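J.: Sequence and computational prediction follow.
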Amino acid sequence: MSSTLSVLEPATEEVLAEIPRAGVEQVDEAVAAATAALPAWRALDPGARARLLHALADNLAAHTEELAVTEARNAGKAIADARGEMQMVRDTFRYYAGAPERLLGDTIPVAGGQAFTVREPVGVVGLITPWNFPLAIAAWKLGPALAAGNTVVLKPAELTPLTALRFAELAVEAGLPEGVVNVVVGPGSTCGARLVEHPGVAKIAFTGSTEVGRSIAAGAAQTIKRVTLELGGKSANVVFADADLEAAATAAPLAVFGNAGQDCCARSRILVQAEAMDEFMGHLESAVRALRVGDPLDEDTQMGPLISAGQRETVASFLEDDVNVAFRGSAPEGPGFWFAPTVLCPAAPGDRAVREEIFGPIATVIPFRDEAEAIVLANDTIYGLSGSIWTRDGARALRVARALQTGVLSINSNSSVRVTTPFGGFKQSGYGRELGPHALDAYTELKTIYYATEE
Ligand code: NAD
């Protein structure tokens, strides 16, 4: 394999950068650097670690536009979305800068002395991330990992390594000691796998496909590594007939076609109560046809290209089946991995496009009769990451929200991810939670200390 990696711009298919491609040896060097930096970083007083994370957030804020343009070009995402993601990256460090001084323990009543708990860093943490939200997803892991006193080795996806590399420079500029953040760009099958098997790595935080997640969980079992997995999704957008149908239909396209559908939270199964189907589809068609698909750097763009030729091929294969294409939006012609947003309706629960994560701009619309059937259909998947419920009946919204087997839900909205609230999946969408206060649990070990006080 070549030791140089050509990073492409998906909107033009041109080479954006040529960078060295790491192998197993570089992973071992990065783990050694993280191991050497660990004692001083974990011993730093909590206030000092907090101040360094604030300095990092400041430095990220100062480079928001540069990072957003790099991400938009490298991942092919709309610049407005890329800016939002870079603001989230900054906010994630701001939020976890509050954590070092708030990693609280318990005192527990026991006989003969005092028992109390402390939270300690797990050690060197390996972070393996995908190409769809490159720096944002890395930040969800980096923030709590660093705040808790761990050092890290980040392995970004080979298709989108540029913002991670820049991040490492910005971290050192902000004052983080060398070796605390290490970035290794190389293939998952060698560099990722080495991180998983490395005896010096205490934990793996992974975001990616369910298939690779499965192999990571199996590999980590050899050294009893801690693992958190954020995997695939096939989320349902459940629209009841009493909902504000225009609002639900107008919001639905970006809930599945945002980031060209390459979103683990994509609401790619739109379940619509049968009597509302015609009205809903009318509004949906207008909204899909109005979607602005084009140059990621154009301020008005809402959806860019797919990440790669391979991804476009995979997505297109779903239209080769015997499917009902209701309507499609537009996409540019010429160079770039473009794919027009596509709505399949009616789709049946057994269709491949309904069962598999497409990770591209194809939505399926499935009719349902009543609340009970909506719940059965929504839960009829191996995944359980996200979802939405649209209804004006508050009690029903809460009943359905409790019945859906999914980690994150929105009522009369399609939002999924916030810095301050937990995010993660049920079922084969993974385990562990990122963001919010709970993420720190996954980057710390809980130690119980008993001090005998009897004479
Ligand atoms: P992927 O699983 O192919 O790759 C993810 C990362 O794992 C990459 O860095 C890759 O190099 C690495 N990798 C690949 N094989 C490996 C191995 N054997 N050992 C160790 N590392 C290995 O996923 P992708 O195609 O980059 O991303 C798309 C997938 O990610 C989708 O399934 C999507 O749903 C999922 N995703 C999930 C979330 C979430 O939070 N649940 C968020 C974004 C993306």
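T.: Cool, the structure landed.

J.: Residue numbers of the stretch 351-455 of the chain in contact with the ligand?
T.: 357, 359, 385, 425, 429, 430 (C-beta under 6 Å from any ligand atom). The C-beta positions use only the backbone N, C-alpha and C, and glycine is treated the same way.

J.: Could I get those in CSV, plus columns for pLDDT, secondary structure and neighbour count?
T.: Rendered in CSV, the data for these read as follows (pLDDT from 0 to 100; DSSP: H, G, I helix; E, B strand; the rest coil; neighbours: other C-beta atoms under 10 Å):
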residue, pLDDT, secondary structure, neighbour count
357, 98, coil, 21
359, 98, coil, 24
385, 98, coil, 28
425, 98, coil, 27
429, 98, helix, 29
430, 98, strand, 28
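
J.: From these, pick the one nearest residue 142.
T.: When these are compared for distance to residue 142 (C-beta to C-beta), residue 430 wins out at 18.2 Å.

J.: Relative to residue 160, how far out is that closest one?
T.: Residue 430 sits at a distance of 20 Å from residue 160 (criterion: C-beta to C-beta, to the nearest Å).

J.: before we move on, the earlier item: rebuild the residues of the stretch 351-455 of the chain next to the ligand as a markdown table, extending it with distance to residue 198.
T.: A markdown table is the format used below for these (distance: C-beta to C-beta, whole Å):
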| residue | distance to residue 198 |
| --- | --- |
| 357 | 29 |
| 359 | 29 |
| 385 | 28 |
| 425 | 26 |
| 429 | 26 |
| 430 | 21 |
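
J.: What is the nearest of those residues to residue 232?
T.: Of all those, the one sitting nearest residue 232 is residue 357; the distance, using C-beta to C-beta, is 4.4 Å.

J.: How many neighbouring residues does the closest residue to that closest one other than its chain neighbours have?
T.: Leaving aside its sequence neighbours, residue 357 sits nearest to residue 232 (C-beta to C-beta, 6 or more residues apart in numbering; 4.4 Å). Neighbour count for residue 232, taken as other C-beta atoms under 10 Å: 23.

J.: so what's residue 232 up against?
T.: Going by C-beta atoms under 8 Å, 6 or more residues apart in numbering, residue 232 touches 209, 210, 264, 357, 359, 383, 385, 428, 429.

J.: Would you agree residue 126 falls within a helix?
T.: No - applying DSSP: H, G, I helix; E, B strand; the rest coil, one finds residue 126 to be strand, outside a helix.

J.: how about the nearest residue to it, chain neighbours excluded?
T.: Spatial nearest neighbour of residue 126, chain neighbours left out: residue 195 (3.7 Å); criterion: C-beta to C-beta, 6+ apart.

J.: Was I right to think that neighbour contacts residue 203?
T.: No - Residue 195 sits out of contact with residue 203 when judged by C-beta atoms under 8 Å, with a separation of 10.3 Å.

J.: Point to the residue nearest the middle of the chain.
T.: The central residue of the chain, meaning the one whose C-alpha is nearest the mean C-alpha position (C-alpha atoms, centre = their mean), is residue 137 at 4.8 Å.

J.: Distance-wise, check it relative to residue 129.
T.: When C-beta to C-beta is the yardstick, residue 137 and residue 129 sit 5 Å from each other.

J.: Overlap in contacts, the two.
T.: Contacts common to residue 137 and residue 129, judged by C-beta under 8 Å, 6+ apart, are residue 207.

J.: what is in contact with residue 195 and residue 203 at once?
T.: residue 126.

J.: Looking at these two, which is more packed in?
T.: For the pair residue 195 and residue 203, the greater number of neighbours falls to residue 195 (31 against 23), based on other C-beta under 10 Å.

J.: That one: which element?
T.: Taking DSSP states H and E as the definition, one finds residue 195 inside helix 193-197.

J.: Off-centre distance for that helix?
T.: Taking the mean of its C-alpha atoms, helix 193-197 sits 21 Å from the chain's own mean (C-alpha atoms, centre = their mean, to the nearest Å).

J.: First-to-last residue distance for stretch 166-180?
T.: Start to finish, the residues bounding stretch 166-180 are 15 Å apart (C-alpha to C-alpha, to the nearest Å).

J.: I'd like the average pLDDT over that stretch.
T.: This predicted structure assigns stretch 166-180 an average pLDDT of 98.

J.: Can you pull out the residues in contact with it?
T.: Counting contacts by C-beta under 8 Å, 6+ apart, the residues outside stretch 166-180 that touch it are 33-34, 36-37, 40-41, 52, 55-56, 58-60, 63, 66-67, 70, 135, 138, 142, 146, 151-152, 154, 181-183.

J.: follow-up on the earlier one: could I get the buried residue list for the helix holding residue 195?
T.: When burial is assessed from 16 or more other C-beta atoms under 10 Å, helix 193-197 yields the following buried residues: 193, 194, 195, 196.

J.: Tabulate those (a markdown table), appending distance to residue 48 and pLDDT.
T.: Conversion of the buried residues of helix 193-197 to a markdown table gives the following (distance: C-beta to C-beta, whole Å; pLDDT from 0 to 100):
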| residue | distance to residue 48 | pLDDT |
| --- | --- | --- |
| 193 | 36 | 98 |
| 194 | 32 | 98 |
| 195 | 28 | 98 |
| 196 | 32 | 98 |
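
J.: who are the neighbours in contact with the nearest residue to residue 363 once chain neighbours are set aside?
T.: In space, residue 363 comes closest to residue 256 once its chain neighbours are excluded; the distance is 4.5 Å by C-beta to C-beta, 6+ apart. With C-beta under 8 Å, 6+ apart as the criterion, the residues that contact residue 256 are 237, 263, 266, 267, 268, 270, 361, 363.

J.: from the residues you listed, which ones fall inside strands?
T.: When strands are assigned by DSSP state E, the members of those inside them are 237, 270, 363.
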